[in-house]
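Student: have a look; sequence and predicted model below, questions after that.
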Amino acid sequence: MTQMPDPQTPLRIGTRGSALALAQAHETRDRLMAAHGLPQDAFQIVVIKTTGDRVQDRPLKEIGGKGLFTREIEDALTDGGIDIAVHSMKDMPTLQPQGLLIDCYLPREDVRDGFVSSRFGSVADLPQGAVVGSSSLRRRAQLAARRPDLQLVEFRGNVQTRLKKLEEGVAVATFLAMAGLSRLGMAHVAKSAIEPEEMLPAVAQGCIGVERRAADDRVAALLAPISHAPSAVRVAAERAFLARLDGSCQTPIAGLAEIRGDELLLRGEILRPDGGEVIFGERRGTLADGPAMGTDLAGELLGRAPAGFFDWR
Ligand SMILES: NCc1[nH]cc(CCC(=O)O)c1CC(=O)O
């Protein structure tokens with residue numbers, strides 16, 4: 001019998017403090033409450049500030065290093081200051097620190113990117129030379145590949161900050177993950193959702209993962225009933241793809257696995273940052289094949305990349 005958390009010894013849920021991170025932590029807590037019939041005060045949300053949160057004035061790629069939004073949270077997990085950590089899987093490095101493990105994924109949200117603009121309805125509507133804000137290397141490269149005429153400006157910060165920049169006229173449009181907008185109750189700010197055929201999403205976009213200490217059997221048993229197997233299958237394929245490319249969310253790499261009947265379809269692409277070259281491929285296999293398909297597809301794309309493709313890194 002698993003020992004349940006109670007108000008005297010609440011389960012401590014570590015999270016960043018952004019509105020989106022808090023919404024994700026609350027969703028995780030609510031699912032745990034429902035699965036185990038526990039009251040809200042059996043859980044304690046612990047907000048942890050990360051390097052990525054502290055440094056707001058520089059593009060992420062300049063601050064460098066992987067896990068800018070996760071390191072401090074993982075340290076707290078390792079040290080026992082928290083019991084679980086709730087993450088956007090899109091922001092997670094492919095390898096977890098020694099002793100930590102992610103094997104619980106919540107049902108995945110909309111994976112698509114949203115087109116956000118007060119004046120235009122979609123990328124196709126944008127006039128020649130329009131200024132678009134994005135700090136995502138992937139989105140910038142994908143957009144430049146389709147619309148080399150557009151002007152790109154850096155657009156860092158949380159959802160609210162980016163919407164404010166739009167209002168101020170810094171750009172006429174930007175992109176935000178539909179999943180993040182939905183979780184904030186703000187899906188309406190997207191004029192349209194962009195289909196994967198037009199803008200393949202980031203690996204693991206829209207998926208929340210719950211990290212724990214690998215040896216913590218009590219927490220493993222608590223998480224098991226809220227873990228969503230299809231989401232785990234999809235994210236495993238995408239993250240194997242990413243791992244073989246040695247990429248992170250700071251690299252122009254896109255990948256999406258979808259379950260079609262009893263088949264898994266994995267699509268992936270790597271791009272030059274200026275969009276000058278896009279190398280796309282796909283694999284079909286069984287649900288159990290995901291990780292092998294990811295590794296294999298990445299190998300194919302690497303093999304097709306001309307010499308110097310990754311030299312800008
Ligand atoms: N890189 C920031 C980030 N990490 C996860 C999301 C959205 C939620 C998700 O994809 O799960 C976002 C914001 C965005 O890309 O618009």
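Tutor: Great, that's in hand. Everything numeric here is computed off the predicted structure, so don't read it as measured data.
Student: pLDDT below threshold where in the stretch 51-200 of the chain?
Tutor: 59-66 (pLDDT under 70).
Student: can you give me the strands for it?
Tutor: 84-88, 100-105, 113-116, 131-133, 151-153, 173-177, 190-194 (DSSP state E, counting those that start in this stretch).
Student: and of those, who's closest to V235?
Tutor: Distances from V235 to each of the strands of the stretch 51-200 of the chain were compared by CB to CB, and the smallest falls on strand 100-105, at 5.9 Å. Any C-beta I mention is one placed from the backbone N, CA and C, and that applies to glycine too.
Student: tabulate the strands of the stretch 51-200 of the chain in CSV, adding columns for distance to the ligand and mean neighbour count.
Tutor: Below are those laid out as CSV (distance: least, CB to the nearest ligand atom, whole Å; neighbours: other CB atoms under 10 Å):
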stretch, distance to the ligand, mean neighbour count
strand 84-88, 4, 26
strand 100-105, 11, 20
strand 113-116, 8, 25
strand 131-133, 12, 20
strand 151-153, 16, 15
strand 173-177, 4, 25
strand 190-194, 10, 18
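Student: R140 is nearest to which of the ones you listed?
Tutor: Across the strands of the stretch 51-200 of the chain (criterion: CB to CB), the nearest stretch is strand 151-153, sitting at 5.2 Å.
Student: quick check, stretch 201-209 touching the ligand?
Tutor: Yes - under the criterion of CB under 6 Å from any ligand atom, stretch 201-209 makes contact with the ligand via Q205, G206.
Student: what's the end-to-end length of that stretch?
Tutor: One end of stretch 201-209 to the other measures 17 Å (CA to CA, to the nearest Å).
Student: that one: how far from the chain's middle?
Tutor: The offset between the C-alpha centroid of stretch 201-209 and the centroid of the whole chain comes to 4 Å, using CA atoms, centre = their mean, to the nearest Å.
Student: quick one, strands of the stretch 201-313 of the chain?
Tutor: Counting by DSSP E, counting those that start in this stretch, the segments of the stretch 201-313 of the chain that form strands are 208-213, 253-260, 263-271, 278-286.
Student: okay, the angle between the second one and strand 263-271?
Tutor: Interaxial angle of strand 253-260 relative to strand 263-271 (axes from the mean of the first three to the mean of the last three CA atoms, to 10 degrees): 170 degrees.
Student: what is the orientation angle of strand 253-260 with strand 278-286?
Tutor: Angle of strand 253-260 versus strand 278-286, following the same axes, to 10 degrees, is 30 degrees.
Student: ok, now the shortest one?
Tutor: Counting by the same axes, to 10 degrees, strand 208-213 points 70 degrees away from the direction of strand 278-286.
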